[in-house]
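Asks: Got a sequence here, can you model it:
(chains A, B, C and D)
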Number of protein chains: 4
Amino acid sequence: MAGKLNLSCDYMQGAHPAVLKRLTDNNLVKSGVYGEDDFSESARARIREACQAPEADVWFLVGGTQTNATVLDALLRPYEGVISAETGHICIHEAGAIEHGGHKVLALPGKDGKLSAAQIQACVDAFRNDANHDHVVMPGAVYLSQPTEIGTLYSLSELESVSRVCRGCGLRLYVDGARLAYALACPENDVRLPDLARLCDVFYIGGTKCGTLLGEAVVFPRHDSIPHFFSICKQHGAVLAKGFIAGQQFDALFTDNLYGRIGRTAIEAADRIRSALRQKGYRLAFDSPTNQIFFTLDRKKLEELSEKILMSFWENPDAEHTTMRLVTSWATTEDEVTQLIALL
Amino acid sequence: MAGKLNLSCDYMQGAHPAVLKRLTDNNLVKSGVYGEDDFSESARARIREACQAPEADVWFLVGGTQTNATVLDALLRPYEGVISAETGHICIHEAGAIEHGGHKVLALPGKDGKLSAAQIQACVDAFRNDANHDHVVMPGAVYLSQPTEIGTLYSLSELESVSRVCRGCGLRLYVDGARLAYALACPENDVRLPDLARLCDVFYIGGTKCGTLLGEAVVFPRHDSIPHFFSICKQHGAVLAKGFIAGQQFDALFTDNLYGRIGRTAIEAADRIRSALRQKGYRLAFDSPTNQIFFTLDRKKLEELSEKILMSFWENPDAEHTTMRLVTSWATTEDEVTQLIALL
Amino acid sequence: MAGKLNLSCDYMQGAHPAVLKRLTDNNLVKSGVYGEDDFSESARARIREACQAPEADVWFLVGGTQTNATVLDALLRPYEGVISAETGHICIHEAGAIEHGGHKVLALPGKDGKLSAAQIQACVDAFRNDANHDHVVMPGAVYLSQPTEIGTLYSLSELESVSRVCRGCGLRLYVDGARLAYALACPENDVRLPDLARLCDVFYIGGTKCGTLLGEAVVFPRHDSIPHFFSICKQHGAVLAKGFIAGQQFDALFTDNLYGRIGRTAIEAADRIRSALRQKGYRLAFDSPTNQIFFTLDRKKLEELSEKILMSFWENPDAEHTTMRLVTSWATTEDEVTQLIALL
Amino acid sequence: MAGKLNLSCDYMQGAHPAVLKRLTDNNLVKSGVYGEDDFSESARARIREACQAPEADVWFLVGGTQTNATVLDALLRPYEGVISAETGHICIHEAGAIEHGGHKVLALPGKDGKLSAAQIQACVDAFRNDANHDHVVMPGAVYLSQPTEIGTLYSLSELESVSRVCRGCGLRLYVDGARLAYALACPENDVRLPDLARLCDVFYIGGTKCGTLLGEAVVFPRHDSIPHFFSICKQHGAVLAKGFIAGQQFDALFTDNLYGRIGRTAIEAADRIRSALRQKGYRLAFDSPTNQIFFTLDRKKLEELSEKILMSFWENPDAEHTTMRLVTSWATTEDEVTQLIALL
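Replies: This next block holds a predicted model:
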């Protein structure tokens, strides 16, 4: 691994310097615990403002799987399941955390990693029209990711349609924003934080992949929509004793719109890489405009590149080809991109 | 709260300077993720050495409740429960996280916050002699804390007896070391890390309260005693994506025996406070030799002190008196102690 | 076992003849399934009438532990626990079924196997006054048994007090009526079915121990108080495919007030046995006026009696004595009682 | 519904007369409880003999969903899932009971309602070759039904292949025999009870749909393969207090090979119906040789038939057609079949 150019993921380094500075500056300040501290309060106020959601409840959890499992368990009644695209993180990469909480993930095929409003409506209709639906898992919520696991984006119009169907059907809408900063920094994106607050029942603003050491900010736009959410988190082992560690970091991320800016470097780097890949005749695999780049190459070329570049394996679309993933982040340097392009 | 002298708990500040320095020094180093990185490997090697347990598996989790719930769920078969003192953290302060995982906490009275070997044996005997024991929750593990929730310590001889009974009965022994550094730094203590490794099936070395921003190091002295523990953690939302953040911190804590030394300041401070309390005629509530100090005072005195000191409420032993807790930590200064004593 | 006079329990024989007849008479009638059949509908109507609860939802489940686990899981939010006397069936004899559903049983000492209203109020107050109650399991429901596990009865006034406290505190009240017919047949009892319907959120009318082959009738006095209860039952494996088998039996039990009469034989038999025990100088152990008789005897006497009588072991109150249980039922004959008394 | 010819399912009537007689004959016999009684012991012995599995553990549970959920929870470690065909009962018609127990159902497409050995092998290989498989639900068991939910049968050779793959991969093999009697009675079938005992880790012999009022016999061919299975059942609410009620029925079913014969009437009836359907030009939907008959008809015809025949809806293969299900059972009479054919 040593010596290779590493673009395998967006969570292999620490925190954005401004975030780290906030931690070091306040290291010995005495704070309230379990999230009841001035830093967390300040971060919450800034997030509410950025979301134009003055009534929102904001909670800081530690990581993505934990957040998904805790929020969905809070949203769903025991007999309800959650609709997800088959490529959804909860569906494939959380070791069954949602099922561990007792809920079925109702996987739908998805297109470009996304669910459509029509598909969700059809799923609910099929349930309702089933004469035996009392024996079937009831859809209770919809899970989607922005950007998706393959880097694609819901447009505002798509998200509005999904939200409309959810409200019409009594489904709660939850958006996983693990890489949200990279959506927000993307020129193609037209979904802003206030849109998420307006259209979702709950979403999370990713920290771990977007500038913090750890931490995700869960936003419930409507106050007290989940009574006793703290106890639910505690019961899921999802309460950080030193909540101020998350609070300080999100306070830094939402100071001077750092969260809105932090993904730009990554997007510019990814765009340069995509252009280079196209120019050099590689085939891009998904239509991702965000910080994940997927491209398909033959085994010989793969072997050659793998000697110098650390990428992550995605899938084998056929017997001769492999799709690999390159990922940029707020920490990616121009120099790394230049080196990478030279190697490709 | 502002302006008061705050000794209410041992997790209201950030990390020990040497721990924080490790994070800042390595902030932009690219690492493996999910705990597979050089820092974590180094920390594991140091912990194995400190525990004289060369075969041990070491995992870094985020917090105490999460660790307790995940480890106990891994240790227990679905029909088994865990024996704990009634004052045990899992019994009262984890919002039912153990039950959320499907297991009953079999609460025994405890003395000075501790379980005795005889008590555990009696509990198992009662189960085995019960003609209907197939209808009863089977004891499967023993949970204890070192130091306990009220600051007391198991002696080596007590722990050896407990371990002997557990092995004789087929119970797994798990020790919660949330504040372990304060036991190790305590002159009264004769239980060392290698003793824990020798006597327990699993224990955790607390980080959150002992010098890190977050993180607990779970030690299974026998290799692979819980197959697929990573997946169990993942399913419990207990895997830190940036595992190196925990790894770097524990690597620092186990460099030059910092973990062995870090609690000394706290113990010295606590001893000074206890002496002063005794001299001033206060009644100490439990026989804690560690960094938690419990004392009982009347309401009038409480009101008076509460104007200047931030303590934590413990309990009301009778209608006129209240037991309060003061807590020192690695970050407590001599000056704070001097001020406190002056105020008492 | 053969040849001994067996009074060890009240569920060792089949169904009351009138109940069995209903099954045999209708054996080849084609019915709706999963409880949607004419027999079940008729039984529900009769139960609503007997309870003077015209809006009640009535469901037929199979057995007691299943019913307790399913109903409590339906009543409680994930972070809530259920208050029970320490002698409660859910607390000790259900192999952790409530915890398997994720809920802590909050065990209180109890007096004569009963909880008092004051005790419940104190438990809720302690929770509410605890500054850290977000970290503590919230009381969400109260479980009690009528008659209790040791044969005692709540008076109407006691039950009214308990109900008042529950409603005042937002706790749901659930009564386990596994042996309810033996309470209803007892002269000391002043709690009737309409009282249960008025005072509880849900209760069950025991069938298994009171005349059926199997089956318990769960009564929610308020319509639709638990939406989707069928699916909850299904998810708990608690739906009987041939629901009409339970329906037919309860229809028989509630025809011509059989359920009100079925326990009389048992109570008369138990009273005769208790008189005889007192006359012969045995010590009765609990003040049970129902069909369970507890008496304490020395080991020598126990050995002697055990050669001829099959009783059930209850507990060893001290090193020399044992408390044994005799149980009568609707099937106990006068002849058996006469034989038993002769043997005592 | 009244007046219609009802062939909608195979569990709408009581017990086979010989089974019912066993219950009535022994109604007042005093037995051991919770399955420890002479009737159950006799039934177990007969089942072991019929399965040529002298070491087998045999347990009587109440219904199918309960059995599936309890057995799979006993077979699987918390992080394991169960492979099933998408049409599998656990996948679609158990209201999420498997997920309620914490396990993901890993649904594979299936062909004619069946899984192939190759498909199972491919699923395990995909898991093992996934570099991130620690984040993915591990396949732990295979669930299949004989006959399947659409009436098809695994051949002995198919089942042997599946079993070989399971053993090679360390997967436990579980066969749901809800309608097993109808497989055993089918001329096309070459899988006998001893084959199931030889090839599976556990299977159940269906009672509810095959002649009993209720009850399924779970067979673990290897003794004590699941320690403490009783407690697991108890915790799942799956223990019948009057276990002898199940024991008596299975004892009757396995007397004089009744279970081997009981399905013949149903198969003969189904074959007559299938012939008639073909003759009259209906399109049969699946290649079921057992007691379920699926046929597809246009809406006009459906409406016409539905006035006189109670069938069950299966699915709408296209906008104009509907697939309906007719089901025969041990109780179906020749007269009913003649009437049905006249109506078709």
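Asks: in the stretch 51-200 of chain A, which spans are strands?
Replies: For the stretch 51-200 of chain A, applying DSSP state E, counting those that start in this stretch gives strands covering A:57-61, A:80-85, A:105-108, A:138-145, A:172-177.
Asks: export these to JSON lines and tack on distance to residue B:223, mean pLDDT and mean neighbour count?
Replies: Where C-beta positions appear, they are placed from N, C-alpha and C, glycine not excepted. Converted to JSON lines, the strands of the stretch 51-200 of chain A look like this (distance: least, CB to CB, whole Å; pLDDT from 0 to 100; neighbours: other CB atoms under 10 Å in any protein chain shown):
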{"stretch": "strand A:57-61", "distance to residue B:223": "32", "mean pLDDT": "98", "mean neighbour count": "25"}
{"stretch": "strand A:80-85", "distance to residue B:223": "37", "mean pLDDT": "98", "mean neighbour count": "25"}
{"stretch": "strand A:105-108", "distance to residue B:223": "34", "mean pLDDT": "98", "mean neighbour count": "21"}
{"stretch": "strand A:138-145", "distance to residue B:223": "37", "mean pLDDT": "98", "mean neighbour count": "24"}
{"stretch": "strand A:172-177", "distance to residue B:223": "36", "mean pLDDT": "98", "mean neighbour count": "25"}
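Asks: Present those strands as TSV; the columns should include distance to residue D:328.
Replies: Putting these into TSV (distance: least, CB to CB, whole Å) gives the following:
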stretch	distance to residue D:328
strand A:57-61	55
strand A:80-85	34
strand A:105-108	34
strand A:138-145	32
strand A:172-177	44
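Asks: Would you tell me which of the ones you listed gets closest to chain C?
Replies: Ranking those by proximity to chain C (CB to the nearest CB) places strand A:138-145 first, at 6.7 Å.
Asks: on that earlier part again, quick one: closest of the strands of the stretch 51-200 of chain A to residue B:85.
Replies: With CB to CB as the criterion, residue B:85 lies closest to strand A:57-61 of the strands of the stretch 51-200 of chain A, at 29.8 Å.
Asks: Can you pull the phi/psi pair for the closest residue to chain D within the stretch 201-344 of chain A?
Replies: Closest to chain D within the stretch 201-344 of chain A is residue A:313: 5.8 Å, counting by CB to the nearest CB. The phi/psi pair for residue A:313 (degrees, to the nearest 10) reads phi -70, psi 140.
Asks: what do you get for residue A:220?
Replies: Torsion angles, degrees, to the nearest 10, at residue A:220: phi -100, psi 110.
Asks: Run through the residues that contact it.
Replies: A:56, A:57, A:58, A:59, A:201, A:202, A:226, A:229 (CB atoms under 8 Å, 6 or more residues apart in numbering or on different chains).
Asks: Closest to residue B:48 out of those?
Replies: Closest to residue B:48, out of all of the contacts of residue A:220 and judged by CB to CB, is residue A:59, at 36.5 Å.
Asks: At the geometric centre of chain A, which residue sits there?
Replies: What sits nearest the mean C-alpha location of chain A, by CA atoms, centre = their mean, is residue A:178, with 2.2 Å.
Asks: Pipe the strands of the stretch 51-200 of chain A into TSV and attach distance to chain B per row.
Replies: Output for those, formatted as TSV (distance: least, CB to the nearest CB, whole Å):
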stretch	distance to chain B
strand A:57-61	9
strand A:80-85	15
strand A:105-108	13
strand A:138-145	15
strand A:172-177	13
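Asks: Which one of those strands lies nearest to chain D?
Replies: Closest to chain D of the strands of the stretch 51-200 of chain A is strand A:80-85 (CB to the nearest CB; 6.3 Å).
Asks: what about that closest one and chain D, any contact?
Replies: Yes. Using CB under 8 Å from any CB of the partner chain, strand A:80-85 comes into contact with chain D via residue A:81.
Asks: Get me the contact residues on the stretch 101-250 of chain A for chain C.
Replies: A:102, A:134, A:135, A:138, A:228, A:230, A:231, A:232, A:234, A:235.
Asks: Outline the domain layout of chain A.
Replies: Residue ranges for the domains of chain A, per automatic domain parsing: A:5-11+A:262-343, A:17-259.
Asks: just to revisit the earlier point, contact partners for the closest residue in space to the residue nearest to the centre of chain A that isn't next to it in sequence?
Replies: Sequence neighbours aside, residue A:206 is the residue nearest to residue A:178 in space, at 4.1 Å (criterion: CB to CB, 6 or more residues apart in numbering or on different chains). Applying CB under 8 Å, 6+ apart to residue A:206 gives the contacts A:64, A:177, A:178, A:179, A:180, A:181, A:216.
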